[in-house]
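**Q** sequence-free structure coming up:
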C-alpha cells in the first residue's frame, strides 16, 4: 500500500523580551539557578501576574507577518497540572481564545514548487522551570530561572506531507521570527523548539490517521530524523496489522528513535479555565497599527525585491534572504559596490559563505566587512584584478584584514591591461616558439591554449585575459 | 480608652492625652487578658507593635502624621506581613514567613497604623463559622459558646471585644459582612477591584476582596480611604480615584431610595432577625429615605453558583501548596507522588479538601460545561438582577445573615446548612458589588446585622447611609458585657 504522511508542527518560540511575561524578573540564559526568579515566578502565595506588553506586541507582530487575524479580545487560561518545576501548579496559557489565528506561510518545495502551510493559531504562554537530575545525589533540583519566560506557541495545520516539508516550514518560521526580532532563534538554548504531530494514512484517504506527538525537538536535523523514524514505525505497525495508539513520544537523538512518553490514558486532564487574575486581553486597532508600523520588510517580499532590483536569479535571492542579517550584509555590500550585483551575490554565497561555514561563524561575525569586500569587488569590476586572483586578495582580507587596494599592490596582482606591453610580450613568445607557431598556422588550433599559458606564465597570471585572448588571436592569425 | 472610636483616639493622640505606645499597650493588655477566651489571634507580637507605636509617636512629634497614625490594627492572617508569620489559618503555612507585605498592609504601615497581630480565620478563608481554622475555633464575644461567623471571624471578634479598634478582613462570599453581623460591628466589603489583592492569599480570585472592620461607619471610612486604590501589581484592581469617604458621611438621606428585595425575607430567615431589620428600615425612613419593594429573581441561584465557581478557582489557586518550595512538607517522601499526596493530605483540613475536590470535579473534562460554564451564566443573571434593581433604587437593604450567631459545632456536620448562612451575602460577591453590614439590634442578647448593598463603587454612599443610621441608633456602641 502507498502511504501518505501527514504532519503538523507546534513550535514554541521564546519571545525576546527583557523581562518575563507576568513578572519583572530578568531573562538571561545561563544565569546561576534561581537567580532570575522573583516571588511571582516562585508561585509565592499572594502574588499576581501582570501581563508584559512587550510580549503582546511581539505576538501581534508575528500575527501580522503571517497574515493572520489578531483577536480583539483574547483570554488567558490556566492549564492545571502538578510538576515540581511548575510553581503555581498551573501554566498560564491561552486556550479557547488565542491572540493570533488563521495565518499562513509559504514554503519552497524541493521540486521548485511552492506550498502554503496554514497556521491555525499562535498563543502567548509562560514557560515552566527546569528539573535538574544531575549532581543532586538521587534528588532533583529545581531551577526556576526559565519559569515565566514568554513563549509564543505557533500551531500549524496538518498540511505537511514529508519530513523535508516540515523542516522547510520550520526553517521558514525560524527565519521569520528572527526577521521580526521577536525571538533569537537559538535552538541549542531552547529558544525555538518544536513538537511534531505525525500520522500516516493510505494515499487517497480523506480521514486522518491516528497521530503521535513527538516532543521537544530542538534542531532541524532531529525534526527530520524523528519524523522519518516515526513514519516508518507507524507504517510498520499498520502493515503488520497493528493499530497506532495515540500517545506522546520522545525522540532519542543518540539512538535515533522515538519512544513512548505517555499514552492518551495517562494524559493529564488540564482543567483549563479562564485565569481570574488576568483581565481578557483587549487589542485595539490603534495598537495593531502601531505594531504594523514596526514591521520590517518580510523575507518573501525582500526576496522578490532582490530579483527585481538587483536582477538576481530567484535562487540567489532566496539564499541571500534566508536570514535578515545575511540580506542586510548583501544589501550593504551592493550599496558599496553597485557595479555588479550578481558578482556580489556570487562572492557572498561562494567564497564568503564557505569561509564562514568552515569556521562556524555567523554572517554578523564575518571577518571581512562589507566595506572590505566591496573594495575588492570594485577592483574586479574595473578589471584591476581578475576574478581568479581576487581569491588571493580575499584570503588576505580574511586572515589578515586590511584594504583590497593595498593588498593588490603589495602582492603585485594588478592586471596588465597595457595593450602595448601585452603585444610586445606576444611578439616575444611567438619569436621564442617558432615550431608551435608553424603548427598553429598550419591548422592546429588547439595550440592557442599553449600561447595563452606562456603569456600567463610570463605575467604570473596578471595579463587581462580578455585582452590577451583578443591580441593573441589577432597576432596569430595576422599572417 | 478602648471603647473610643478611632476618630476619638486620633484626637486624643493629637491633643497629647496619650501616646501611641500607651494606646498600643492598652490593647496588648486586653489581648493578653481576654484572647484566651476568644482565640481571635494567631500571632501577637507586642515588641513589634510597640516599636511601630514608638515610631508613630516620633512621626507625630515631627508633624508628619495622617489621621490614623499610631492607631492599632489587626490584620487577617490571609495578608502577607513581611518577616511575620502568615498562616492563612492552615497547617500548610504554619511556619510560613513572607519576605514582603501585602499592598494593604504596606499602605496601613505607611499611614502609621500599628499592627498588633494577625487574626484567626477559617482555613484559607473557607468557612462561615471560623471552625475550620487549624489554630482552633474563634468564639463570639457576645456568647463564647457561639461562633463569630467566618471566615474573618478573628478580626470581627477582636474588634467586637475591643482587642483592637480596627481590623482588616477579606470577603469572598460574605467573610467580612457575616462575621461583622454576628459580632455586632461594622464591616465593609468594597467593590471588586477597589482594593488591591496583591499579598492576599487567594481563595477564589474573581470573588476575593479585601475590606475593613470597625466599630462604626466613620472608622471604616477612615481605614478604607487609605487602603483602597489602584495597584499596578494587581491586574484586576481598578484605576479610579478614591473618594474621601469620611468627608461624605454627613450627607442627608432625604430622598434616598432604599430597595428591599423580597428574596432576603423568605423562608430560612429567623423572624426576630427580620423584625429587627424592619425596625431599622423604619429608622431609615425617619431619616428621609423612601422604601421600595424590589426583586432579585435569580438570587436563589447564588449559593449553588458560588459553590461551583469558588471551589473551581480554589482548586487551582491551592495547587501551589505542593510541599516543593514552601509550606508544609511531609517527612521522608518516598517519591514525587508521595510528596504531593502526603504534604497536601497533612497540610490541608477537611473543608479545604472538600472544596478542592468539588472544584477539581467541576473543571474536569466532560463536566466543565455542565458545571463551570453554567455557573458562569448564572453569575451573569444574578449580576443583571442587581443592575436592574439599581435602575430604580440607590441601595438595597436586608438582613446580613438569616440568623444570629449559632453554637459551635451546630453546623459542622452539615456543609450545606453551613453554606446557607451566606445566602444573603454571596450574590454580592458574584456581582462584584460593595456590601456593608452594620449592627441593627439584638435578638436574645445576640447582635443582628443589616446589610447595605450599592452599585459598583458606591462605598461612599453605603458608609454615608450607615453613618446617618448610626447617628440615630446606638447598637454599634454596645460592648459584649464580658469584655467591657
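**A** Received, thanks. Everything numeric in this text was worked out from a predicted model, so none of it was measured. Residues are numbered from 1 along each chain as shown, chains lettered A, B, ... in the order given.

**Q** what about residue A:385, distance to residue A:398?
**A** According to Cβ to Cβ, to the nearest Å, residue A:385 stands 16 Å off from residue A:398. Quick note: C-beta positions are derived from backbone N, CA and C, even for glycine.

**Q** ok, those two, which is more surrounded?
**A** Of the pair residue A:385 and residue A:398, residue A:385 is the one with more neighbours under other Cβ atoms under 10 Å in any protein chain shown, namely 25 against 19.

**Q** report whether the expected contact of that one with residue A:409 is present.
**A** No. Residue A:385 is beyond contact range of residue A:409, at 10.7 Å (criterion: Cβ atoms under 8 Å).

**Q** measure how buried the residue in chain B positioned nearest to chain A is and give me the count.
**A** As assessed by Cβ to the nearest Cβ, chain A sits closest to residue B:319 within chain B, at 2.4 Å. A count of neighbours around residue B:319, defined by other Cβ under 10 Å, yields 23.

**Q** in a helix, it, correct?
**A** Yes. Read with DSSP: H, G, I helix; E, B strand; the rest coil, residue B:319 is one of the residues of a helix.

**Q** give the contact list for it.
**A** Contacts for residue B:319 were tallied using Cβ atoms under 8 Å, 6 or more residues apart in numbering or on different chains; they are A:80, A:82, A:88, A:89, A:90.

**Q** nearest to chain B, of these?
**A** After measuring the contacts of residue B:319 against chain B - Cβ to the nearest Cβ - the closest member comes out as residue A:89, at 2.4 Å.

**Q** any idea how far residue A:48 is from that closest one?
**A** Residue A:89 is 15 Å from residue A:48, by Cβ to Cβ.

**Q** and residue B:334, by the same measure?
**A** 35 Å.

**Q** those two: which has the busier surroundings?
**A** Using other Cβ under 10 Å, the more surrounded residue of residue B:334 and residue A:48 is residue A:48, with 23 against 10.

**Q** right, and that one touches residue A:277 too?
**A** Yes. Under the criterion of Cβ under 8 Å, residue A:48 makes contact with residue A:277 at 5.2 Å.

**Q** joint contacts of these two?
**A** B:235, B:236.

**Q** can you read off the pLDDT for the closest residue in space to residue A:324 that isn't next to it in sequence?
**A** The shortest distance from residue A:324 to any non-neighbouring residue, by Cβ to Cβ, 6 or more residues apart in numbering or on different chains, is to residue A:179 (4.4 Å). Listed pLDDT for residue A:179 reads 94.

**Q** residue A:179: neighbouring residues, count only.
**A** By other Cβ under 10 Å, neighbour count at residue A:179 equals 21.

**Q** residue A:137 now?
**A** Residue A:137 has 5 nearby residues by other Cβ under 10 Å.

**Q** and for residue B:183?
**A** Using other Cβ under 10 Å, residue B:183 has 34 neighbouring residues.

**Q** kindly report the same for residue B:210.
**A** 29.

**Q** and the residue of the stretch 301-450 of chain A that's closest to chain B?
**A** residue A:324 (34.3 Å).

**Q** surely that residue touches residue A:177?
**A** No. Using Cβ under 8 Å as the test, residue A:324 is too far from residue A:177 to be in contact (10.3 Å).

**Q** mind listing what residue 180 touches?
**A** Answering for chain A, as no chain was given. A:58, A:61, A:62, A:65, A:295, A:296 are the contacts of residue A:180 under Cβ under 8 Å, 6+ apart.

**Q** try chain B instead
**A** Residue B:180 is in contact with B:149, B:156, B:186, B:187, B:213, B:400, B:437, B:438, B:449, counting by Cβ under 8 Å, 6+ apart.

**Q** give me the mean pLDDT for the helix or strand hosting it.
**A** Residue B:180 is located in helix B:177-183, with elements delineated by DSSP states H and E. What helix B:177-183 shows for mean pLDDT is 98.

**Q** with stretch A:251-264 instead?
**A** 86.

**Q** now do the contacts for the residue nearest to residue A:324.
**A** Contacts of residue A:179 (Cβ under 8 Å, 6+ apart): A:65, A:296, A:298, A:299, A:323, A:324.

**Q** how is chain A divided into domains?
**A** Here the domain parsing of chain A from automatic domain parsing is A:8-199+A:266-290, A:299-411, A:419-476.

**Q** nearest to residue B:42, of those?
**A** domain A:8-199+A:266-290 (15.4 Å; Cβ to Cβ).

**Q** now the closest one, how far from the centre of its chain.
**A** Counting by Cα atoms, centre = their mean, to the nearest Å, domain A:8-199+A:266-290 is centred 19 Å from the centre of its parent chain.

**Q** tally of neighbours for the residue lying closest to residue A:164 once chain neighbours are set aside?
**A** Closest residue to residue A:164 apart from its sequence neighbours, by Cβ to Cβ, 6+ apart: residue A:110 at 6.3 Å. Using other Cβ under 10 Å, residue A:110 has 9 neighbouring residues.

**Q** one more: residue A:173?
**A** Neighbourhood size, residue A:173 [other Cβ under 10 Å]: 25.

**Q** hang on, it packs against residue A:154?
**A** Yes. If you go by Cβ under 8 Å, residue A:173 and residue A:154 touch, sitting 6.6 Å apart.
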